[in-house]
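[1] heads up, no residue letters with this:
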């Protein structure tokens, strides 16, 4: 009984971290542009598939494949902003929604053509069997997942709080006209936000693939659940995203273990709906966040 | 209804009425009648969605869920509980309306992206339920042997009979929607779309109207689902997933979001595209839909219907320049 | 049932200790004022003084953080804006919130919304009662159109009118709701002298019909010309109130707003 709980907790936190990273991707783009990028989940999918491709076809060592996948997906993010989103900046909210949904379908369709429908796998980052903790098995890859994501969060916090670029990006969301007037190149900031989001999503995709494989269809679900974590944690709030991701991952894992594994996907979605309906500023949102136009 | 609408309506009725007569005589396209039946069913969905998106300005990525609720209600009530299909249909519509109301009241307080995500999430939840409740829905393999429809004792078997029946329903729905658009309620909806604050300040109960239209579109989708069930006589959850919700949105956008005619045109075009022309490209189907959606959203936000005044404009320009010679 | 804070004076609108806090920002610091019926009440003050915020509190678009608003003795803060419109308060907006893709006539017809009843199903089925109502709406809208002098523009898209006529149209739309209190938010903004004259005349005709008007304006000539009473706001506080002559001589007002000498 106790080992089961521990096992579910480990797998819940593992997947929760991935949701948190997807949520952070949403937060970055939202912080700079107030757009919700419906294609966020596809970046995760692409990260995993690109890495599998580099390992499978070019026999890259896994770390190189990680970097290559992150860079490639970053380019996809670049292309998305540069060629699609930029054109639509003045379109209505409805158009923007349709456009990002359209891009997500395009990415999914391309991935299906390029990689087929079968799931792909990656070798784990380090060899070795599972580490036993009080009867529960902890895969070494899980430690990599926690490690990489912690690094990402620290790097982002430093970037947004300390660096000029980061602060400039935050200024753009707050008041694009004022930002432009003090010389901040708003367009480049928007572009940067898409590239960063794509890169982080891809990183999440690469680190999870050794454990749960990756196929072309996973993007939509990951995107939805990641958005749930973003809303639950308060849109734009990185630490909130981490905590909310953990909550969602644990809830999903416990549901799969103790209630019904068929409905596990619905758990995160129900949290999403409840958050949107009753507390759209999230668990950690402030009073001013509530005043934003939900 | 104004004059243009009357002409368009009459024209469409005429086209639809003579179509089977022509199609059945020409061997290669004789199965188009079957395709047009599906087009009619999907037109019901796109009409409701057009009212919601084009007129009230609210987005819904959940139409496939309501389509599915109607379809499975009809399927379960008729094949497992022995109900008369014509009683099961309103029951399915009522259930869909109830669910739409429960979800709609909190969801439609949200705007733009958040509403889209909420409806997306809801749609996926319904899809999961349809696949999981094996006892009722047959799970992923679905249900078979669903009874067909009878009108007053005669079994509706022939394609041509189905064709005329479904398109009669579509025209009734179209008429209803046209009446709403050209009325106080229609003006209220358009006002909500354009300047919600001003509409509310002029006495339009915006929250209530949004929910009403959402429920109406759910009812139409559910009816369409019921007809679908009795036509194909089998069901599986794969026909009610997110891709289908996106297809319905695409139908409305391709045809023209602000035009009921566009909604029907879009449904017809995309049904043919899906059934006929994409058979060759079935692997590319998702890609093609994505590209279409993107191009329409970026370059032709008014849909195909917006091409008509442009085409007339070009035609007139050509005429005047020819006369100048 | 809230008690009136000015129980002895006849009034159409009472604002009792209205405060508005937006997070840390205090937009209204405690407005306590009563408007007698049948007058043109001007509301002036520099930008940011809280005038439009006060309008939003009255018309129901936002809820005051403290205090209450009484309309004809009845508490209206907390009601949804569309209910307040049905009770008899209507307004225009600073940014001319017309329905630009609808025609001029359709905009005014929309104004009849709170006075009509046909619901969704009645209109879809085109019941006879609805058809009658639709005819009535059209006729009444036409007469409002003629009242403001826009009769020939009936079928033009509202967005194609010049700004002066758009402002007039917005007023006509608000009048179509049959209000007893009309809130006008900077109706003269962007208008030239001639257009402002026409506007002033229209507002006086509206008063003659028995409608009380509250007017937010920066055009002091217009205000002095037509207002019966003036209330001055400054950084969310009430600075002074009185007749135009009294306000013109008021030392604090002169210093804060009218330019100090």
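    Perfect, thanks for sending it. Just so it is clear, the structure is predicted and the values come from calculations on it, not from any experiment. Residues are numbered from 1 along each chain as shown, chains lettered A, B, ... in the order given.

[2] the helix or strand where residue B:21 lies near chain C at all?
    When elements are defined using DSSP states H and E, residue B:21 is found to belong to helix B:3-25. No: taking C-beta under 8 Å from any C-beta of the partner chain as the criterion, helix B:3-25 and chain C are apart, separated by no less than 13.2 Å. Yep, even glycine has a C-beta here, placed from its N, CA and C like the rest.

[3] tell me what that helix is packed against?
    Packing contacts for helix B:3-25, counted by 3 or more C-beta pairs under 8 Å, 6 or more residues apart in numbering or on different chains; DSSP states H and E, involve helix B:32-50, helix B:159-181, helix B:260-272.

[4] ranges for the helices of the chain?
    Going with chain A. With DSSP state H as the definition, chain A shows helices at residue ranges A:2-33, A:40-58, A:62-79, A:93-115, A:140-162, A:164-174, A:176-181, A:186-212, A:219-233, A:238-254, A:264-278, A:287-291.

[5] wait, I meant chain C there
    If you assign secondary structure with DSSP H, the helices in chain C sit at C:51-59, C:81-87, C:104-111, C:120-124, C:128-147, C:163-175, C:193-208, C:220-226, C:244-249, C:251-253.

[6] any weak-confidence spans in chain A?
    Applying pLDDT under 70 to chain A picks out residues A:1, A:173, A:285-294.

[7] kindly recompute the last result at 80.
    For chain A, the stretches with pLDDT under 80 are A:1-3, A:34, A:89-94, A:127-128, A:133-136, A:170-177, A:180, A:236, A:284-294.

[8] excluding its backbone neighbours, what's nearest residue 142?
    Since you didn't name a chain, this refers to chain A. Computed as C-beta to C-beta, 6 or more residues apart in numbering or on different chains, the closest residue to residue A:142 that is not its neighbour in sequence is residue A:14, at 5.1 Å.

[9] I was thinking of chain B, sorry if that wasn't clear
    On the basis of C-beta to C-beta, 6+ apart, the spatially nearest residue to residue B:142 that is not a chain neighbour turns out to be residue B:236, at 3.0 Å.

[10] show the average pLDDT along whichever strand or helix holds residue B:94.
    Assigned by DSSP H and E, residue B:94 belongs to helix B:85-107. Averaged across helix B:85-107, the pLDDT comes to 94.

[11] whether that helix contacts chain A - can you check?
    Yes: among the residues of helix B:85-107, B:103, B:106-107 lie within reach of chain A under C-beta under 8 Å from any C-beta.

[12] what does the pLDDT read for residue B:124?
    At residue B:124, the predicted lDDT confidence score is 94.

[13] from what I can see it touches residue A:270, true?
    No: counting by C-beta atoms under 8 Å, residue B:124 does not reach residue A:270; the two are 10.6 Å apart.

[14] so which of the two has more stuff around it?
    When residue B:124 is set against residue A:270 and neighbours are counted by other C-beta atoms under 10 Å in any protein chain shown, the residue ahead is residue B:124, at 25 against 16.

[15] for my notes, confirm that one occurs in a strand.
    No: the assignment for residue B:124 by DSSP: H, G, I helix; E, B strand; the rest coil gives helix, which leaves it out of any strand.

[16] if I look at residue A:255, how far off is residue B:138?
    When distances are taken as C-beta to C-beta, to the nearest Å, residue A:255 and residue B:138 turn out to be 23 Å apart.

[17] wait, what's in contact with residue 149?
    No chain in the question, so chain A it is. Contacts of residue A:149 were listed using C-beta atoms under 8 Å, 6 or more residues apart in numbering or on different chains, and they are A:17, A:20-21, A:204, A:207.

[18] right idea, wrong chain: chain C
    The neighbours of residue C:149, taking C-beta under 8 Å, 6+ apart as the test, are C:168, C:198.

[19] rounded mean pLDDT for stretch B:54-65, please.
    Stretch B:54-65 shows a mean pLDDT of 91 in the predicted model.

[20] ok, it near chain A or not?
    Yes: taking C-beta under 8 Å from any C-beta as the criterion, stretch B:54-65 and chain A are in contact, through B:57, B:59, B:61.

[21] name the SS class of the second one, please.
    In other words, residue B:59. Look at residue B:59: counting by three-state DSSP, its state is coil.

[22] what sits against it?
    When the contact criterion is C-beta under 8 Å, 6+ apart, the partners of residue B:59 are A:94, A:97, B:52-53, B:112, B:115-116, B:119, B:249.

[23] quick check: closest non-adjacent residue to it.
    The shortest distance from residue B:59 to any residue that is not its chain neighbour, by C-beta to C-beta, 6+ apart, is 4.7 Å, and that residue is residue B:116.

[24] quick one: that neighbour and residue A:96 touch, right?
    No: counting by C-beta under 8 Å, residue B:116 sits too far from residue A:96 to count as a contact (9.9 Å).

[25] okay, those two: which has more neighbours?
    In this comparison of residue B:116 against residue A:96, neighbours counted by other C-beta under 10 Å, the higher total goes to residue B:116 at 27 against 24.

[26] now do the same for the more buried one: helix, strand or coil?
    Assigned with three-state DSSP, residue B:116 falls in the helix class.

[27] how many neighbours does the closest residue to residue C:118 other than its chain neighbours have?
    Leaving aside its sequence neighbours, residue C:118 sits nearest to residue C:130 (C-beta to C-beta, 6+ apart; 4.1 Å). If you count neighbours by other C-beta under 10 Å, residue C:130 ends up with 22.

[28] list the contacts of residue C:130.
    Each residue near residue C:130 by C-beta under 8 Å, 6+ apart is listed here: B:183, C:118, C:122-123.

[29] for those, which one is nearest chain A?
    The shortest approach to chain A among those belongs to residue B:183, at 23.9 Å (C-beta to the nearest C-beta).

[30] picking that back up, and the residue nearest to residue A:142, how many neighbours?
    Residues contacting residue A:14 under the criterion other C-beta under 10 Å number 22.

[31] ok, now residue C:214?
    Using other C-beta under 10 Å, residue C:214 is surrounded by 26 other residues.

[32] picking that back up, out of the helices of chain C, which one sits most buried?
    Mean neighbour count, computed with mean count of other C-beta atoms under 10 Å in any protein chain shown, is highest for helix C:104-111 among the helices of chain C, reaching a mean of 26.

[33] what angle do it and helix C:128-147 make?
    Angle, helix C:104-111 to helix C:128-147, by axes from the mean of the first three to the mean of the last three C-alpha atoms, to 10 degrees: 120 degrees.

[34] picking up where we left off before, buried subset of the contacts of residue B:59 as a PyMOL selection?
    In PyMOL, selecting the buried portion of these, with burial taken from 16 or more other C-beta atoms under 10 Å in any protein chain shown, looks like this:
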select buried, (chain A and resi 94+97) or (chain B and resi 52+53+112+115+116+119+249)
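
[35] next one: stretch C:221-241 to chain centre, how far?
    When C-alpha coordinates are averaged (C-alpha atoms, centre = their mean, to the nearest Å), stretch C:221-241 and its chain have centres 15 Å apart.

[36] buried sites along that stretch?
    Neighbour-count burial for stretch C:221-241, counted by 16+ other C-beta under 10 Å, picks out C:222-223, C:225-227, C:229-234, C:236, C:238-241.

[37] now swap in stretch B:60-80 and tell me
    Of the residues in stretch B:60-80, B:60-79 count as buried by neighbour count, 16+ other C-beta under 10 Å.

[38] just the ones of those in helices?
    Secondary structure from DSSP H places B:63-75 of those in helices.

[39] nearest residue to residue 210 other than its sequence neighbours?
    Using chain A here. For residue A:210, ignoring the flanking residues on the chain, the nearest one in space by C-beta to C-beta, 6+ apart is residue A:124 at 4.3 Å.

[40] wrong one, I was asking about chain B
    Counting by C-beta to C-beta, 6+ apart, residue B:210 lies nearest to residue B:108, which is 4.3 Å off, once chain neighbours are set aside.
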